[in-house]
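Q: sequence-free structure coming up:
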Ligand SMILES: Cc1cc2nc3c(=O)[nH]c(=O)nc-3n(C[C@H](O)[C@H](O)[C@H](O)COP(=O)(O)O)c2cc1C
């Protein structure tokens, strides 16, 4: 596999997708690859990395009001043709994956990627952080929006959510195993 380069391009608002991307990079590095992290929300699109330099690309986005981060959508639209001859991995981070993991995964694969006429080699949907604590980065309005969006979760009795605290639903084993499966495809 020697020194294959992998770009991990992601969109994040509060940093949880960034930490997932960092864990993926760490796993790939341990497997002998050269991962490079790129936050699509920083800087101008003209400074985005050139895909020709990479053997594989992983794209990650957090979800907000059922949507991918805007820059991630632009990145997909801009590079559509170039992805076609590369190994491509896609993941989302959000509340959807906590309540309905298989539907969340199917959605990326079938519904969302279809908008770009793209198919990735590997997909996954990871749970994110639901922070209802006093010092939450999402603020009061964000918490209200999330509570409304998350009404469905409360119907799932097996799911323990602290509606006054910080809930970190990121499953690091699942995240590492996604990175390993991607590595195996290269
Ligand atoms: C206002 C708001 C709206 C959200 N809407 C969704 C949503 O529609 N679907 C979902 O799966 N997660 C949703 N989430 C959960 C976030 O995706 C989750 O908090 C994630 O960890 C954020 O990732 P980031 O820190 O990388 O931005 C929402 C969170 C906030 C604060």
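A: Arrived safely, thanks for sending. Everything quoted here is computed from the prediction, not taken from an experiment.
Q: Please count neighbours and contacts with C-alpha atoms only from this point.
A: Will do.
Q: before we move on, could you check phi and psi at residue 56?
A: The main-chain torsion angles of residue 56 are listed as degrees, to the nearest 10 and equal phi -150, psi 150.
Q: Would you mind measuring from residue 109 to residue 137?
A: Counting by CA to CA, to the nearest Å, the gap between residue 109 and residue 137 amounts to 30 Å.
Q: who has more neighbours, those two?
A: For the pair residue 109 and residue 137, the greater number of neighbours falls to residue 109 (21 against 14), based on other CA atoms under 10 Å.
Q: you'd agree the more buried one is up against residue 117?
A: No: under the criterion of CA atoms under 8 Å, residue 109 makes no contact with residue 117, lying 10.8 Å away.
Q: Quick one: end-to-end distance for stretch 163-172.
A: The straight-line separation of the ends of stretch 163-172 (CA to CA) is 23 Å.
Q: Does that stretch reach the ligand?
A: No: contact of stretch 163-172 with the ligand (CA under 6 Å from any ligand atom) is absent, the minimum separation being 7.9 Å.
Q: buried residues in that stretch?
A: Going by neighbour count (16 or more other CA atoms under 10 Å), the buried part of stretch 163-172 is 166-167, 169-170.
Q: State the next helix or strand along the chain beyond the one helix or strand in the chain whose mean pLDDT sits lowest.
A: Lowest on mean pLDDT, DSSP states H and E among the helices and strands of the chain sits helix 139-149, with a mean of 84. On the C-terminal side of helix 139-149, the nearest following helix or strand under DSSP states H and E is strand 166-168.
Q: Which strands or helices does the helix or strand where residue 179 lies pack on?
A: Here residue 179 sits within helix 172-185, counting by DSSP H and E. Counting contacts by 3 or more CA pairs under 8 Å, 6 or more residues apart in numbering; DSSP states H and E, the secondary-structure elements packed against helix 172-185 are helix 16-30, strand 122-127.
Q: Need the winner for burial among those.
A: Here the criterion is mean neighbour count by mean count of other CA atoms under 10 Å, and of the helices and strands packed on helix 172-185 the winner is strand 122-127, at a mean of 23.
Q: do you know how far residue 98 is from residue 168?
A: 10 Å.
Q: Which residues of this protein lie near the ligand?
A: In this structure, the chain approaches the ligand at residues 12-18, 62-66, 93-96, 128-130, 138, 142, 145-146, judged by CA under 6 Å from any ligand atom.
Q: Show me which of these are buried.
A: Burial by neighbour count, 16+ other CA under 10 Å: within the residues of the chain next to the ligand this picks out 12, 16-18, 62-63, 93-96, 128-130, 138, 146.
Q: what two of the residues you listed have the greatest distance between them?
A: The largest distance within these, taken as CA to CA, falls between 18 and 146 and amounts to 19.8 Å.
Q: quick revisit: what sits in contact with each of residue 98 and residue 168?
A: Residues touching both residue 98 and residue 168 comprise 127-128, with contact defined as CA atoms under 8 Å, 6 or more residues apart in numbering.
Q: Appreciated, that's everything.
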